[in-house]
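Engineer: I would like the atomic coordinates for the input below:
(one chain, ligands or ions: 1)
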Amino acid sequence: MAQQPEHSDWWRDAAIYQVYPRSFADGSGDGTGDLAGVRSRLHYLAELGVQAVWFNPWYPSPMADGGYDVADYRDVDPAFGTLAEAEKLIAEGLELGIRTIVDIVPNHVSDAHPWFAAALAAAPGSPERDLFHFRPGRGESGELPPNDWRSEFGGCPWTRTVNADGSPGQWYLHLFAAQQPDLNWHHPQVRAEHESILRFWFDRGAAGVRIDSAGLLAKDPALPDFTPGREPHPYVDRDELHEIYRSWRRIADSYAEPRVLIGEIWVPDTERFARYLRPDELHTAFNFDFLARPWGAAELRASVDATLAAHAPVGAPATWVLCNHDVTRTATRYGRADTGFDFAAKAFGTPTDLPLGLRRARAAALLSLALPGSVYLYQGEELGLPEVEDLPLERLQDPMHLRSGGTDPGRDGCRVPLPWSGAEPPYGFAPPGVEPWLPQPADWAALTVEAQSGDPDSMLELYRAALRIRREAVGGGFGWLPADPGVLAFRRAGGFRCLVNLSAEPVALPADGAVLLASGPLTGGRLPVDTAVWLNGS
Ligand code: GLC
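Structural biologist: Okay, here's the model as predicted:
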């Protein structure tokens, strides 16, 4: 059934599905997911009951970082399709009540972007180099990097260039991989270009943008060494960012249906974080505090409280995120001794109890879908996919792995192509016999959309039911209810309640109210360990 996009503040409580285009569905039959594949599966997303889709970057890119190295912000990579196809996809989505959010990557471009090619070809001190951060090296002959920063992907964030005559030249800054040179956001041309890119996609019907690495754009122009504890940080969460986002907000608000700005902001201080969500800045931002918390009642409750307290004064809705294309999949993470998430702690060979992780992931789904605000679902989360941890090393592509000297498993394990149908790879992701760009496990037959559809005990049917009930019966208000310390219990408007048992013992269910949905079997009027339940009013 087609839902009609109705209200302009839809983003306040939307369920938003994240598509990693490379791994969603392959329409062209070359082993890489593409827009044709997404278009052929739009009905799946409509049936699932999400209101919007956020697409990871689909722009022309050498794919040094899965598309976060953008060579042209106004086109689509031929591996994914064409610009005309993206326009069709946006329109077809809307017909099914699904809005499109595109991924904007403002911190850096690809080294294949014409601006960077021109900068490399130009001389030190040229206007072309001014769009980036080029600096002479330190040391006697400039052989040392200009400062002591560390790349977000590990190693040095500076790469030395070679002059036209073959002699060693200036260095350029890249907070991520060497193929992702950082832009100089103090330059008016950088600002003007990105404002024009926003308009480009908004004019094509994009309902909003997800802003990549939104807390890192502004750098201290002196590019000083990093001094632990000294504020402001030379490149994280700097005050200059707010003016940039205010100008973006004016553009977003100039559309008849205002467009939505969603920030990827890894700022641990929830009050600093909420500053980006003031009424004239971004609309929402991903709640990484919640995502990174271990599976424990006190931890999760503290995160919910801190989140709601920080958002309330700025009037912005919270968001709830359990995973994305950068982090360990929920079903795996919750089955480990350390159930929190930390990039630095990722390691090969971490023991995992997958049935336990899946049980908790089911409960976490009901928890996150019942909280006030919007919620993000990363493709495959609704199938309970685990992290794939035994990919052949030579197939790994993530620069996080490659730059770590092979010690960090990287993020490929959460980017394995989706299983749609059938008993063996490529499980309907691509035509039979076609090898997906990352290999799928041999034991995913029971996890396909086909296998889970209609099975009331499956993760997919749990998500379908939860998203339906969320639309129909979950809204308004929020308050904690009295409960054991190991239990999270809260109410929303109209008597709706959510209870999650994170303690070591089953607990009694309230005597009143009917069960709307449970993440696992309820026996003898009790809520088992690692189980969540939704109840209505009595
Ligand atoms: C963001 C993206 C991540 C990417 C990085 C650099 O964190 O989510 O996938 O590698 O930015 O663009």
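
Engineer: Quick check: residue 460 touching residue 382?
Structural biologist: Yes - counting by CB atoms under 8 Å, residue 382 is a contact partner of residue 460 at 5.6 Å. Quick note: C-beta positions are derived from backbone N, CA and C, even for glycine.

Engineer: These two: which is more packed in?
Structural biologist: A direct count of neighbours by other CB atoms under 10 Å for residue 460 and residue 382 places residue 382 higher, at 26 against 21.

Engineer: So the closest residue to that one other than its chain neighbours: helix, strand or coil?
Structural biologist: Using CB to CB, 6 or more residues apart in numbering and skipping residues adjacent in sequence, the residue nearest residue 382 is residue 463, 4.1 Å away. Of the three states, residue 463 takes helix under DSSP: H, G, I helix; E, B strand; the rest coil.

Engineer: Count the residues that sit near residue 463.
Structural biologist: So residue 463, with other CB under 10 Å, has 24 neighbours.

Engineer: Who are the contact partners of it?
Structural biologist: The contact partners of residue 463, by CB atoms under 8 Å, 6 or more residues apart in numbering, come to 48, 365, 377, 381-382.

Engineer: Over to residue 314?
Structural biologist: 274-275, 277-279.

Engineer: pLDDT score assigned to it?
Structural biologist: Predicted confidence (pLDDT) for residue 314: 98.

Engineer: which intervals of the chain have sub-threshold pLDDT?
Structural biologist: 1-7, 538 (pLDDT under 70).

Engineer: Quickly list the domain ranges of it.
Structural biologist: For the chain, automatic domain parsing gives the domain ranges 10-106+188-452, 114-173, 477-536.

Engineer: mind putting those domains in JSON lines, distance to residue 471 included?
Structural biologist: Putting these into JSON lines (distance: least, CB to CB, whole Å) gives the following:
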{"stretch": "domain 10-106+188-452", "distance to residue 471": "6"}
{"stretch": "domain 114-173", "distance to residue 471": "37"}
{"stretch": "domain 477-536", "distance to residue 471": "12"}
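
Engineer: Whichever residue of the stretch 401-538 of the chain sits closest to the ligand: how many residues sit nearby?
Structural biologist: For the stretch 401-538 of the chain, the residue closest to the ligand is residue 411, as judged by CB to the nearest ligand atom, at 6.9 Å. As a burial measure, residue 411 scores 23 neighbours (other CB under 10 Å).

Engineer: And for residue 398?
Structural biologist: Count around residue 398 with other CB under 10 Å applied: 21.

Engineer: I figured it was touching residue 66, is that so?
Structural biologist: Yes - with contact defined as CB under 8 Å, residue 398 counts as touching residue 66 (7.2 Å).

Engineer: can you list residues touching both of those two?
Structural biologist: With CB under 8 Å, 6+ apart, residue 398 and residue 66 have common neighbours residue 415.

Engineer: ok, the closest residue in space to residue 505 that isn't next to it in sequence - contacts?
Structural biologist: Among residues not flanking residue 505 along the chain, residue 529 sits closest, at 6.8 Å (CB to CB, 6+ apart). By CB under 8 Å, 6+ apart, the contact list for residue 529 reads 501-506.

Engineer: Tell me the secondary structure at residue 529.
Structural biologist: Under three-state DSSP, residue 529 comes out as coil.

Engineer: how much space between it and residue 369?
Structural biologist: 20 Å (CB to CB, to the nearest Å).

Engineer: Quick check: residues of this protein near the ligand?
Structural biologist: With the criterion set to CB under 6 Å from any ligand atom, the chain comes near the ligand through 65, 68, 105, 176, 212-213, 264, 325-326.

Engineer: Let's see that with 5 Å instead.
Structural biologist: Contacts of the chain with the ligand, taken as CB under 5 Å from any ligand atom, map to 65, 68, 176, 212-213, 326.

Engineer: Which residue does this protein have closest to the ligand?
Structural biologist: For the chain, CB to the nearest ligand atom, closest residue to the ligand: residue 68, 3.3 Å.

Engineer: Quick check: end-to-end length of stretch 375-391?
Structural biologist: Terminal residues of stretch 375-391 lie 30 Å apart, using CA to CA, to the nearest Å.

Engineer: you'd agree the residue of the chain closest to the ligand is up against residue 105?
Structural biologist: Yes - assessed by CB under 8 Å, residue 68 is found in contact with residue 105 at 5.6 Å.

Engineer: Give me the more crowded residue out of the two.
Structural biologist: residue 105 (27 against 24).

Engineer: pretty sure that one contacts residue 209?
Structural biologist: No - when contacts are counted by CB under 8 Å, residue 105 is not listed as touching residue 209 (10.0 Å).
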